[in-house]
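> Sequence and predicted model, in that order:
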Amino acid sequence: MASLFDYLIIKIKIMNSQKFSYKVFFDKVFDPIALYKLRENYSRPVTSSDIIFFDVNPAYERVMKLKRDDIIGKSFMDVWPMAEPRWGDIVVQCFNELKSVRCEGESRDVDSWLEAVAFPVSQDMAAAIFIDRTEWKNSHEDLRRSQQNLRELATKLTLSEENTRRDIAQDLHDHLGYELVSQLMTLRTLSEKNLPDDISVMISDLIKNTEKLIASNRNLVFELSPPVLREVGLNPALEALAKNMLEPRNIDYEFIFNGSADEIQIDDDICVLLYRMTRELLFNVIKHAHATKVNIIVNRGVNKSMVAVEDNGCGFDADKVTFGLGLFSIRERLLTVGGEMKIVSAPASGTMIIMTCPSQLVD
């Protein structure tokens with residue numbers, strides 16, 4: 001679809017070619033337009049000193065806060081000595097290349113964000129149209145800030161959720177876990193006594209049920225917040241995660257670790273984010289990939305660290321992928337901490353998702 005710029009260029013060129021007075025159209029346009037011409041005895045390549053104002057429309061006078069009679073016949077630098085170079089450069093380029101040239105940016109002189117296009121009208125004349133994009137720019141900045149705030153909230157939510165998980169897991173481990181172990185010891189002591197057969201059977205059943213409850217409680221504690229992540233670090237936590245998630249589903253896995261945890265420390269919050277995001281990726285593999293093998297690669301660096309999950313599953317066209325909530329959430333949380341996510345995949349060729357972020361959070 002043609003832009004307003006394109007429409008105006010076509011109209012002015014048609015009127016010029018048909019020898020219509022450009023003033024009929026020129027004066028009624030709401031956006032500022034300036035017409036430039038080359039001085040007599042100019043030489044190519046054209047420089048800014050070869051170009052002078054030929055005419056401006058009323059909108060130019062209103063927006064630029066200048067009088068037409070004060071600028072006609074003067075060069076751009078005479079009229080705008082402190083202006084950003086881009087506004088004069090596009091006119092010079094337009095004359096030298098005889099084609100339309102666009103630019104946009106902040107104009108301190110008029111305190112606005114402007115978009116401009118300069119286009120040739122004839123061999124020795126060119127025009128420039130200016131559109132105020134300040135409102136659009138402010139809306140764009142507001143949207144960018146809102147997106148950044150949402151990313152930060154998502155990351156803070158993940159970390160806050162992890163703290164809550166840790167508290168619940170700690171309570172389950174310290175209280176419920178302790179009570180169940182105590183109960184198991186009592187039942188085992190009773191089972192060693194000379195009791196009636198029916199009572200012995202009941203106690204035996206209670207021992208088995210209590211053992212199942214202890215195992216379930218341990219699994220729940222691990223699912224909520226694996227103690228190994230806090231106590232030993234990211235690498236062992238990821239190994240335990242893969243063992244719990246992939247082994248029961250007969251999916252082989254392999255770890256590739258580069259960089260020693262003793263030599264290169266990763267911020268605790270970064271470890272939490274990478275662990276939780278890896279868990280989401282493994283869920284995706286289980287649910288969608290139909291994979292039989294998964295590689296988990298961890299590269300620790302002084303400045304950046306990386307975790308990649310690679311599978312030999314069905315894959316997809318990475319160029320056409322529409323992010324689901326899981327991948328979108330991972331990407332947004334990584335952006336918040338200065339990281340990024342990259343997807344490498346093709347149909348029937350497996351998938352690798354690479355998460356990179358700073359090793360340390362910067363306040």
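On my side now, so go ahead. Residues are numbered from 1 along each chain as shown.
> now for the helix or strand harbouring residue 154, which elements pack on it?
Per DSSP states H and E: residue 154 is located in helix 134-171. Helix 134-171 sits against strand 112-122, helix 197-224, helix 268-284, helix 325-336, with contacts defined as 3 or more CB pairs under 8 Å, 6 or more residues apart in numbering; DSSP states H and E. For the C-beta atoms, the positions are set from N, CA and C on the backbone; glycine is no exception.
> Can I get the first one as PDB, trimmed to CA atoms?
Coordinates of each C-alpha in strand 112-122 appear next as PDB, following Å, rounded to 0.1, in the frame of the first residue of the first chain:
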ATOM      1  CA  SER A 112       9.400  16.900  17.600                       C
ATOM      2  CA  TRP A 113      10.200  13.400  16.200                       C
ATOM      3  CA  LEU A 114      10.000  13.900  12.500                       C
ATOM      4  CA  GLU A 115       9.900  11.600   9.500                       C
ATOM      5  CA  ALA A 116      11.000  13.100   6.200                       C
ATOM      6  CA  VAL A 117      11.300  12.200   2.600                       C
ATOM      7  CA  ALA A 118      13.100  14.200  -0.100                       C
ATOM      8  CA  PHE A 119      12.400  13.500  -3.700                       C
ATOM      9  CA  PRO A 120      13.400  15.000  -7.000                       C
ATOM     10  CA  VAL A 121      10.800  17.100  -8.900                       C
ATOM     11  CA  SER A 122      13.100  17.900 -11.800                       C
END
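> Could you list the buried residues of the helix or strand that it is followed by?
Using DSSP H and E, the helix or strand that directly follows strand 112-122 along the chain is strand 125-132. Using 16 or more other CB atoms under 10 Å as the test for burial, strand 125-132 gives 126, 127, 128, 129, 130, 131, 132.
> Direction included, what does strand 125-132 pair against?
Strand pairing for strand 125-132, determined by DSSP bridges: strand 33-38 (antiparallel), strand 112-122 (antiparallel).
> pLDDT averaged over that strand - what is it?
On average, the pLDDT along strand 125-132 is 92.
> Can you give the contact residues for that strand?
Contacts to strand 125-132, defined as CB atoms under 8 Å, 6 or more residues apart in numbering, come from residues 4-5, 8-9, 12, 29, 31-38, 51, 54, 60, 63, 87, 90-91, 94-95, 112-121.
> Give me the pLDDT for residue 18.
46.
> can you check the one 10 residues further on too?
Confidence at residue 28, expressed as pLDDT, is 76.
> do residue 190 as well
Residue 190 is given a pLDDT of 88.
> how many neighbours does it have?
By the measure other CB atoms under 10 Å, the count of residues near residue 190 is 15.
> Could you find the closest non-adjacent residue to it?
Distances taken as CB to CB, 6 or more residues apart in numbering put residue 203 closest to residue 190, at 5.3 Å, once the chain neighbours are dropped.
> list the contacts for the one you found?
By CB under 8 Å, 6+ apart, the residues touching residue 203 are 187, 190, 191, 195.
> Which of these are buried? Put it as a ChimeraX command.
To isolate the buried ones among the contacts of residue 203 in ChimeraX, judged by 16+ other CB under 10 Å, type:
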select :187
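> ok, residue 314 touching residue 289?
Yes: using CB atoms under 8 Å, residue 314 makes contact with residue 289 at a distance of 6.1 Å.
> Distance check, residue 306 against residue 342.
Look at residue 306 and residue 342: by CB to CB, to the nearest Å, they are 10 Å apart.
> same check, this time on residue 305
14 Å.
> Who has more neighbours out of those two?
Between residue 305 and residue 342, counted using other CB under 10 Å, residue 305 has the larger neighbour count: 26 against 13.
> Which pLDDT value goes with that one?
In this prediction, residue 305 has a pLDDT value of 90.
> so where's the stretch 51-200 of the chain shaky on pLDDT?
For the stretch 51-200 of the chain, applying pLDDT under 70 flags the ranges 169, 173.
> before we move on, what about the stretch 201-350 of the chain?
Confidence mapping of the stretch 201-350 of the chain against pLDDT under 70 gives the ranges 260-263, 321-325.
> Minimum distance to residue 170: which of the helices and strands packed on helix 134-171 has it?
With CB to CB as the criterion, residue 170 lies closest to helix 197-224 of those, at 8.4 Å.
> Could you point out the helix or strand that follows that closest one?
Immediately after helix 197-224, counting by DSSP H and E, sits helix 227-231.
> C-alpha coordinates for that following helix, PDB please?
Included here for helix 227-231 are C-alpha records, laid out as PDB according to Å, rounded to 0.1, in the frame of the first residue of the first chain:
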ATOM      1  CA  PRO A 227      17.400 -29.200  47.500                       C
ATOM      2  CA  VAL A 228      20.300 -30.100  45.300                       C
ATOM      3  CA  LEU A 229      19.900 -26.800  43.400                       C
ATOM      4  CA  ARG A 230      20.600 -24.900  46.600                       C
ATOM      5  CA  GLU A 231      23.100 -27.200  48.100                       C
END
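> returning to what we had before: reformat the strands paired with strand 125-132 as a markdown table; add mean neighbour count and distance to residue 327.
Shown next, in a markdown table, are those (neighbours: other CB atoms under 10 Å; distance: least, CB to CB, whole Å):
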| stretch | mean neighbour count | distance to residue 327 |
| --- | --- | --- |
| strand 33-38 | 21 | 47 |
| strand 112-122 | 20 | 34 |
